[in-house]
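Novice: Return atomic coordinates for the entry below.
(one chain, ligands or ions: 2)
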Amino acid sequence: MTSEKAGTYMAERVRGFGETIFSEMTALALKHRAVNLGQGYPDFPAPDFVKEAAWKAIARDENQYTRSAGHPQLVEAIALLWQRDWGCSPDPLTEITVTVGATEGLFAAVQALVNPGDDVLIIEPFYDAYPADVIMAGGTPRFVPLRPGEDGEWYLDLEEVRRAITPRTRMLILNTPHNPTGKVFSREELEGLAAIAQEYDLIVLSDEVYDYLTFDGRRHWRIATLPGMWERTLTLGSAGKMFGVTGWKIGWVVGSAALNLAVRKAHQWIPFCVATPLQVAVAIALQEASAQGYLETMRVAFERKRDILVQALAEAGMRPLATHGTYFVLARIDPLGWEDDVAFCRWLTTTVGVAAIPPTAFYSEDHKAMGRRMARFAFCKRDEALQEAARRLREGLRSRTRA
Ligand code: PMP
Ligand code: GLN
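Specialist: Ligands and ions are numbered 1, 2, ... in the order given. Next comes the predicted model:
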């Protein structure tokens, strides 16, 4: 089918979408053999115990459809993790739904809880799936930007959040630790958002896929565990992030039975259920991770990688902003004389040989200017890749900054 013809068949709800920035920049990185610090996925092997878990699951012949809401062994393991680390005991059978990555969790939750014509609050810069999910549900995204302070930290003005609320506002999508800024919302900030959610009767969809990746002694708080929030919050998690296996696409949604019931009504028609052997594998891996203290080991390893990358960016003449969580860092590019993130990231990928993501992809039309003087770099990469990127940046940027 020609693309022209495809255009005539295309439904309204997808017509405005382009290719995701992650696919676009990874294709460009491959073409130019760039070190890919763009799309956020680890370039190193998964831990042996994680791969062994998958072999065990296959050997058990766990090959057929499983329970739509999630394999009993996995929901049990997720409930145990919540109990151990977050002081909260979701019921495995009614309060946890396993989804095709957090990505399907987001889609199913928005489909299940947002009516056409509803408004959904999205904090900018945003993970790019959020506005797309809201649009596909017939809702309207309303954007509130994080603003950088003099201290290089990011701040959310709660008065701005209040001003963005309309009588049709139904949901707030929150992300902490936050991609792409690396902001970890403090308990006080979450209490402020919780008060607003309760005052305006909003559902909070809290994307916490980087919950185990916080640095500098920052603590991750779950908004769902604050007073009055359990019944109105859905929390998203991802095995892809916990175990560095983004291609497994195993995620979950945790929240009250009433909210999960809604999610399941959508989820049963999306994948029905998620890859059974990989669900069992994640259940086994979660047990093994607890026994080995793996999540803390991973956190420490990523904190060190963060330091390597931040130093490399600074040495290359950029101004990295503070990042206390996730595996991303935003860096100011204007000290190099660049004011256009898209042109810079393309030039960096094709000429210097280091791929990065232009942050304007994470801003609405009205606020794109806020992202123009930055680039996002991922540090979930082998030390050798980070060092090679550092070398290319040092050499490429010193000699070729924009006239
Ligand atoms: N939310 C955020 C903030 C992310 O960075 C990602 C990573 N791709 C996702 C959701 C999607 O998670 P998953 O790979 O489990 O679908
Ligand atoms: N979450 C990853 C990132 O932010 C990319 C996910 C994707 O490619 N869809 O880089």
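Novice: Surely Ile58 and Ala275 touch.
Specialist: No - using C-beta atoms under 8 Å as the test, Ile58 is too far from Ala275 to be in contact (11.0 Å). For glycine as for every other residue, the C-beta is placed from the backbone atoms N, C-alpha and C.
Novice: For the stretch 301-403 of the chain, give me the ranges with low pLDDT.
Specialist: Residue ranges of the stretch 301-403 of the chain with pLDDT under 70: 399-403.
Novice: can you give me the helices in it?
Specialist: Per DSSP state H, counting those that start in this stretch, the stretch 301-403 of the chain has helices spanning 341-347, 383-400. These are given in chain order.
Novice: Can I get those in JSON lines including mean neighbour count and distance to Leu309?
Specialist: Shown next, in JSON lines, are those (neighbours: other C-beta atoms under 10 Å; distance: least, C-beta to C-beta, whole Å):
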{"stretch": "helix 341-347", "mean neighbour count": "20", "distance to Leu309": "16"}
{"stretch": "helix 383-400", "mean neighbour count": "17", "distance to Leu309": "6"}
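Novice: now for these, which one comes closest to Pro47?
Specialist: Closest to Pro47 of the helices of the stretch 301-403 of the chain is helix 383-400 (C-beta to C-beta; 16.3 Å).
Novice: Does the closest one pack against any helices or strands, and if so which?
Specialist: Judged by 3 or more C-beta pairs under 8 Å, 6 or more residues apart in numbering; DSSP states H and E, helix 383-400 is in contact with strand 35-36, helix 294-315, strand 354-355.
Novice: most packed of those?
Specialist: Across the helices and strands packed on helix 383-400, averaging neighbours per residue (mean count of other C-beta atoms under 10 Å) puts strand 354-355 on top, at a mean of 28.
Novice: Residues touching it, excluding its own?
Specialist: 25-26, 28-29, 34-39, 345, 348-349, 389, 392-393, 396 (C-beta atoms under 8 Å, 6 or more residues apart in numbering).
Novice: near ligand 1, which residues of the protein show up?
Specialist: Neighbours of ligand 1 within the chain, by C-beta under 6 Å from any ligand atom: 101-103, 127, 175, 179, 207, 209, 238, 240, 246, 251.
Novice: please redo it, this time with the cut-off set to 5 Å
Specialist: Listed as neighbours of ligand 1 in the chain under the rule C-beta under 5 Å from any ligand atom: 101-103, 127, 179, 207, 209, 238, 240, 251.
Novice: rewinding a little: now tabulate the helices and strands packed on helix 383-400 in TSV and tack on distance to Leu146.
Specialist: Listed next are the helices and strands packed on helix 383-400 as TSV, based on distance: least, C-beta to C-beta, whole Å:
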stretch	distance to Leu146
strand 35-36	26
helix 294-315	19
strand 354-355	24
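Novice: where do the strands sit along this structure?
Specialist: According to DSSP state E, the chain carries its strands in the segments 35-36, 96-100, 119-124, 140-145, 147-148, 154-155, 169-175, 203-207, 233-238, 250-255, 319-320, 328-332, 354-355, 374-378.
Novice: How many residues are close by Ser256?
Specialist: Neighbourhood size, Ser256 [other C-beta atoms under 10 Å]: 18.
Novice: where's it relative to ligand 2, distance?
Specialist: As judged by C-beta to the nearest ligand atom, to the nearest Å, Ser256 and ligand 2 stand 27 Å apart.
Novice: Report the beta-bridge partners for the residue in the stretch 251-400 of the chain that ligand 2 sits nearest to.
Specialist: Here the residue of the stretch 251-400 of the chain nearest ligand 2 is Ala378; by C-beta to the nearest ligand atom that distance is 6.1 Å. Beta-bridge partners recorded for Ala378 (DSSP bridges): Phe328.
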